[in-house]
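K.L.:
sequence and predicted structure below; questions after.
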Amino acid sequence: MAAPWEDILRNQPAIREAAAVAVDAALLEGVLMRTEGEPNASDVVNYAPFTLLPSAIPSALFEQAYAVQQDFNLLVDAISQNKEFLEHTLASTIKVDDFTARLFRIHMQVLEEGLAQSVFLGINRSDYMFDCGADGTPALKQIEINTIAASFGGLTSRTAAVHGRVLKVLGKSKEASCLLPNNPSKGLALGIAKAWELYGSQNAVVMFLVEEVQRNIFDQRCVENELWNRNIRVIRKRFRDVFETGSLDDAKRLYMDGQEVAVVYYREGYVPKNYDQQNWEARLLLERSRAVKCPDIATQLAGTKKVQQELSRPGTLERLLPGRAEAVARIRATFAGLYSLDVGEEGDRMAATAIADPDRFVLKPQREGGGNNLYGEELRQVLEKIRDSPERTSYILMDKITPQPAVNYLLRAHSPLQASECISELGIFGVYVRQGAEMVMNKAAGHLLRTKAIEHADGGVAAGVAVLDTPYLV
Ligand code: ADP
Ligand code: MG
C-alpha cells in the first residue's frame with residue numbers, strides 16, 4: 001500500500017521546500033478557514049490544515065466505496081420514510097437521550113400534522129477506514145454515515161490541485177497527473193439546484209442555515225458559488241434569524257423577511273449545543289414548512305448511531321430494501337461489528353465482553369462532530385459505571401478498526417513541520433432528490449480524504465485533529 005515517494009520522506013530540505021510551496025498553493029486555491037481568534041471575520045484567514053503528501057489508498061477499496069454510495073442513498077431515504085422502523089429503533093434511545101428525543105418529537109409532530117414538503121433532498125457522506133485484517137489485507141469498513149451538515153465537500157474540491165503541485169515540486173510529475181479530479185461542491189450544488197427547481201418558484205431562494213461561529217465559511221461558499229453561477233439566490237441565516245423573522249403562510253410556504261425559501265440546507269443543528277428554546281422553535285417552524293429541508297428531520301434521525309447499529313442486525317437491510325439483494329450485499333460488506341447495549345441479555349453480554357477487552361471496541365454516544373467516542377481504559381471505566389443502568393442504552397458499541405499507518409507531514413498554521421505516523425478516513429458524498437415517490441437524482445458526488453496522526457483516537461478536521469488529504473490510488 002506504500003506510496004511511490006518513500007524515497008523523499010526523510011529528505012528534509014526537499015520536504016521543507018515543498019511545504020512552503022504547498023501552503024502558498026493552498027492559499028491560492030482557496031483551501032481556507034477563518035482563524036480561531038476571529039471566526040466571524042474574513043480580514044485575516046488561514047489555510048485549512050492538510051497533508052503535505054497525498055495518501056496511498058487501495059484502488060479496489062476506493063472503487064468499492066463509490067460503488068455502494070447509491071445504495072446508501074436509497075437506504076437512508078427508505079429509513080427516513082419508515083415511521084415504524086425509526087420509532088421502534090429509537091424507542092430505547094429516546095428514553096435516555098434528551099437530544100434524540102427532542103428531534104424525534106418534532107418528527108412525530110410533523111407527521112401528525114401531515115407533511116407539507118413533497119420534494120426531498122439528501123446530502124450525506126459515508127465515511128470509511130481501511131481495516132487491516134490478520135493477514136494484512138485491508139478491507140473497507142464504514143465508520144458512520146453523516147446525514148446532516150456533512151462538511152468539507154467544498155474545500156476538498158480544491159486540495160487535489162495543491163497536492164498535484166507538491167508532487168511536481170518533488171519531481172513526481174507522473175504521479176501528479178494520476179491524482180483524480182474531485183468536485184463535490186459542484187455535485188452538492190447540482191442536488192440543491194434540482195430541489196430548488198422542483199420546488200417550482202422562480203423567485204424563491206436557497207437558505208444556508210449556518211452556525212453562530214462560522215470558521216468553516218469558505219467550505220460553504222464553494223457550494224454557494226456554484227448556486228450563484230446557476231442564478232440561484234442564496235441567503236445565509238442562523239436559527240436565531242429564523243426565530244426572529246421566519247414565518248409560514250396558509251400553504252406552509254416558508255418566508256424569511258418576506259422572501260420565499262425553496263430549500264433549507266442545514267450546516268448547523270446536529271449537536272445539542274446548537275439549540276436553545278428559541279432555536280428548537282425555529283427548527284420546528286422549518287420542519288413544518290413546505291420548503292425542501294436538507295435534511296428533513298427524519299433523515300437526520302436516519303443518521304444516528306443507534307440506527308447504524310440496528311442496520312447491522314440480520315434481516316434489517318432486507319426489510320428496508322426489499323427486492324434489492326445486490327444493494328444489500330454491497331452495503332453489508334462495509335459493516336464492521338456493531339452491538340446494542342439495550343437493557344437485556346444481549347446488552348449484558350456485550351457490556352461484559354467490552355469491559356473484559358476494551359481495546360477491541362469503540363463506545364459511541366448519539367453525538368456528531370467528533371471527540372465524543374470512548375476508547376480503551378476510559379471505555380472500560382464508563383461502561384463499568386453504567387452497565388447496570390438504562391443510561392447505557394444511549395451508547396452503541398462498535399468493533400475498533402485498525403488501519404495500517406503511513407508516514408506523512410501534517411501542515412497546520414503555526415505548527416512545526418514534523419513527520420507523523422498517520423491513518424486516513426475516506427468519505428464519499430451522496431446526493432439524491434426525490435419528488436413524492438419518484439427518485440429523480442441518485443449520485444455519488446465526490447470524495448473527501450481526512451488524515452490524522454495515530455495518537456488521536458478521535459476527531460475531525462473542524463475539531464483540529466484530522467487534516468485534508470488527497471487519495472493516491474495504488
Ligand atoms: P462523529 O459523528 O463524532 O464524527 P464517528 O463515528 O465518525 O463520530 O467517530 C469519530 C472518529 O472516531 C472517526 O473519525 C474515527 O477517527 C474514530 N472512529 C470511529 N469509529 C471507529 C472505529 N470503529 N474504529 C476506529 N476508529 C473509529
Ligand atoms: Mg464522523
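P.N.:
That came through, no problem. Numbers count the residues shown, from 1 in each chain. Ligands and ions are numbered 1, 2, ... in the order given.

K.L.:
output the set of residues of the stretch 151-300 of the chain in proximity to ligand 1.
P.N.:
By the rule C-beta under 6 Å from any ligand atom, no part of the stretch 151-300 of the chain lies against ligand 1. Yep, even glycine has a C-beta here, placed from its N, CA and C like the rest.

K.L.:
nearest to ligand 1: which residue in the stretch 151-300 of the chain?
P.N.:
At 8.5 Å from ligand 1, Y270 is the closest residue in the stretch 151-300 of the chain, using C-beta to the nearest ligand atom.

K.L.:
wait, is that residue part of a helix?
P.N.:
No: using DSSP: H, G, I helix; E, B strand; the rest coil, the assignment for Y270 is coil, not a helix.

K.L.:
in this structure it contacts S151, no?
P.N.:
No: the pair Y270 / S151 is not scored as a contact, 10.3 Å apart, by C-beta atoms under 8 Å.

K.L.:
can you pull out the strands in the stretch 1-150 of the chain?
P.N.:
With DSSP state E, counting those that start in this stretch as the criterion, the stretch 1-150 of the chain has strands at 32-34, 45-47, 50-51, 55-57, 119-132, 138-146.

K.L.:
domains in this structure, by residue range?
P.N.:
As assigned by the TED database, the chain contains the domains 6-336+401-473, 337-400.

K.L.:
ok, back up a step: look up how far P358 lies from the residue of the stretch 151-300 of the chain closest to ligand 1.
P.N.:
Remark: distance between Y270 and P358 (C-beta to C-beta, to the nearest Å) = 27 Å.

K.L.:
and the residue of the chain most remote from its centre, what's its pLDDT?
P.N.:
Within the chain, the residue lying farthest from the chain centre (C-alpha atoms, centre = their mean) is P13, at 36.7 Å. P13 is assigned a predicted lDDT (pLDDT) of 96.

K.L.:
give me the distance from stretch 68-87 to the chain's centre.
P.N.:
Relative to the chain's own centre, stretch 68-87 is displaced by 16 Å; criterion: C-alpha atoms, centre = their mean, to the nearest Å.

K.L.:
what's it in contact with?
P.N.:
By C-beta atoms under 8 Å, 6 or more residues apart in numbering, the residues outside stretch 68-87 that reach it are 104, 107, 111, 120, 122, 124, 126, 145, 147, 295-296, 298-299, 301-303, 307, 311, 317, 319-321, 324, 327-328, 330-331, 333-334, 428-432, 434, 439, 442-444.

K.L.:
any quick ChimeraX command for the buried ones out of these?
P.N.:
In ChimeraX, a selection of the buried entries from the contacts of stretch 68-87 looks like this (16 or more other C-beta atoms under 10 Å):
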select :104,107,120,122,124,126,145,147,295,296,298,299,301,302,303,307,311,317,320,321,324,327,328,330,331,334,428,429,430,431,432,434,442,443,444
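
K.L.:
dump the residue contacts of G337.
P.N.:
G337 makes contact with 312, 398-399, according to C-beta under 8 Å, 6+ apart.

K.L.:
what residues does the stretch 1-150 of the chain have near ligand 1?
P.N.:
Residues of the stretch 1-150 of the chain found near ligand 1 (C-beta under 6 Å from any ligand atom) are 127, 143-144.

K.L.:
any chance of the residues you listed in CSV, plus pLDDT and neighbour count?
P.N.:
CSV is the format used below for those (pLDDT from 0 to 100; neighbours: other C-beta atoms under 10 Å):
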residue, pLDDT, neighbour count
D127, 98, 20
I143, 98, 19
E144, 98, 18
